[in-house]
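Trainee: I'll drop the sequence and a predicted model, then ask my questions.
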Amino acid sequence: MGTLIRRTTISSGGHLRRTNETMRLTITTFVGIVFGFFLGVSFPTLSLTKVNLSSNIFPSVDLTYIEDKYSGLSTQALLNVWSALKGRRVISRTYNNTKIWVPTNPRGAERLPPGILVADSDLYTRRLWGVPGEDLIVKPRYLVTFTVGYDQKDNIDAAVKKLTENFQVLLFHYDGRTSEWDEFEWSKRAIHVSARKQTKWWYAKRFLHPDIVAPYDYIFIWDEDLGVQNFNPEEYIKLVRKHGLDISQPGLSPDSGMTWEMTRMRDDTEVHKDTEERPGWCTDPHLPPCAAFVEIMAPVFSRDAWRCVWHMIQNDLVHGWGLDFALRKCVEPAHEKIGVVDAQWIVHQTVPSLGNQGQADQGKAPWEGVRERCRNEWTMFQDRLTAAEKAYFQAMGIDPPNSTARR
């Protein structure tokens, strides 16, 4: 009997201990689950020494690696970095399923938020140090480009020395010689673009996109063989504004090489907008070459006019012949907004520099091949413009008027 009682006591005590241990295990497991849940909510990406960020911007960041690589940083600094990244992940998780699509954005930028877009640019040079907002002491308002060879350096030097700080200078080098220009102090502040044996209209089409030159009120696209002894650029701009000219050029001195009477300077006026040409040359007094006309040697464009002209320049027609007859398409009324500034005049020296950049072929001198292409391009441009106008009017259901592209 005693033995039985002892066994019962021992059995009951063992059962009680096992029950208590089971309860403790259950409670511990429950507390662990709860603790783990709250830990997961509070620190969703923390796993001992590693932080994983499932973000489109940041992959994973191993704090152990960071500590080893940047041992000089304090623990607090590392925690600050981790907190910032953690915050970015929360934002990423929140907006991960939201896609940006703004059809009114420029083509190709529809996936960007409008607030980050910078739709245009400039040719302002920038420092490599300091605060961006303090880079420019003066923002030039006018852009002057010359297409140059080194042989005409004295001409260009004289022209640039006439310019004030309001003018940004851009040189297009057709002979590949750029470093030699460093003999001029101003050249170190100018922008230089070099491509061998190219014309100014080739350069203009590729480097003077309207969105690039948008900050400039006026764009000068000039040849290299222009004498400027009697030219003041600031006074020229004043007269252009006064007379409302969107497309203009300085008058040419009587001893200049010239083709059209329209470009000859007059002594009795500040600006002229029309002229009398040889009999039969002008079918309409408001049309080129008697009005709405300047030549392509020294044109000056307002920002708005250039935006139109740039789109009219053809990629493969590089000499620009015929373009001067079509400039009127870009302003209205053209016979009022295109003119020649007589009070500020230049000398066209007629240096055949581009002709010398040609290539002899089938017994023809280099300049002969260049001149032949100039004439051919004029015809090609006229044909394209005529065909484009005709196609437009037909698409609109309108009988095409007589084309004026050749006038």
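Mentor: Received, thanks. Residues are numbered from 1 along each chain as shown.

Trainee: Need phi/psi at His348.
Mentor: Main-chain torsions, His348, degrees, to the nearest 10: phi -90, psi 110.

Trainee: contacting residues for it?
Mentor: Under the criterion of CB atoms under 8 Å, 6 or more residues apart in numbering, the neighbours of His348 are Asp223, Asp225, Leu226, Gly227, Leu252, Ser253, Ser256, Gly257, Met258, Met297, Ala298. The C-beta positions use only the backbone N, C-alpha and C, and glycine is treated the same way.

Trainee: all helices of the chain, in order?
Mentor: Listed in chain order, the helices of the chain (DSSP state H) span residues 2-42, 63-69, 75-95, 153-160, 200-207, 233-242, 303-312, 323-326, 334-337, 366-395.

Trainee: Could you list every helix and strand in contact with the last one?
Mentor: In this case it means helix 366-395. Of the remaining helices and strands, those touching helix 366-395 by 3 or more CB pairs under 8 Å, 6 or more residues apart in numbering; DSSP states H and E are helix 323-326.

Trainee: what does the helix it packs on contact?
Mentor: Residues beyond helix 323-326 that count as contacts (CB under 8 Å, 6+ apart) turn out to be 201, 288-289, 293-296, 299, 309, 312-313, 381, 385, 405-407.

Trainee: for stretch 139-150, same thing?
Mentor: For stretch 139-150, using CB under 8 Å, 6+ apart, the contacting residues are 123-124, 156, 159-160, 163, 165-175, 177, 180-181, 198-200, 203-204, 208, 213, 215-224, 233, 237, 353.

Trainee: Of those residues, just the buried ones, ChimeraX syntax please.
Mentor: Selecting only the buried members of the contacts of stretch 139-150 in ChimeraX, with burial defined as 16 or more other CB atoms under 10 Å, works like this:
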select :123,156,159,160,163,167,168,169,170,171,172,173,174,175,181,198,199,200,203,204,208,213,215,216,218,219,220,221,222,223,224,233,237,353
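
Trainee: Out of the contacts of His348, which end up buried?
Mentor: With burial judged by 16+ other CB under 10 Å, the buried subset of the contacts of His348 is Asp223, Asp225, Leu226, Gly227, Leu252, Ser253, Ser256, Met258, Met297, Ala298.

Trainee: pLDDT weak spots in the stretch 51-200 of the chain?
Mentor: For the stretch 51-200 of the chain, residues meeting the criterion pLDDT under 70 lie at 51-97.

Trainee: Show me where it has its strands.
Mentor: Defined through DSSP state E, counting those that start in this stretch, the strands belonging to the stretch 51-200 of the chain, from first to last, are 60-62, 142-148, 167-173, 191-194.

Trainee: To Lys273, which of these lies closest?
Mentor: With CB to CB, the closest approach to Lys273 among these belongs to strand 142-148: 21.9 Å.

Trainee: Name every strand pairing with that closest one and say which way it goes.
Mentor: If you go by DSSP bridges, strand 142-148 pairs up with strand 167-173 (parallel), strand 218-222 (parallel).

Trainee: Just put these in TSV and tack on distance to Val193.
Mentor: Formatted as TSV, the entries for these read as follows, by distance: least, CB to CB, whole Å:
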stretch	distance to Val193
strand 167-173	5
strand 218-222	13
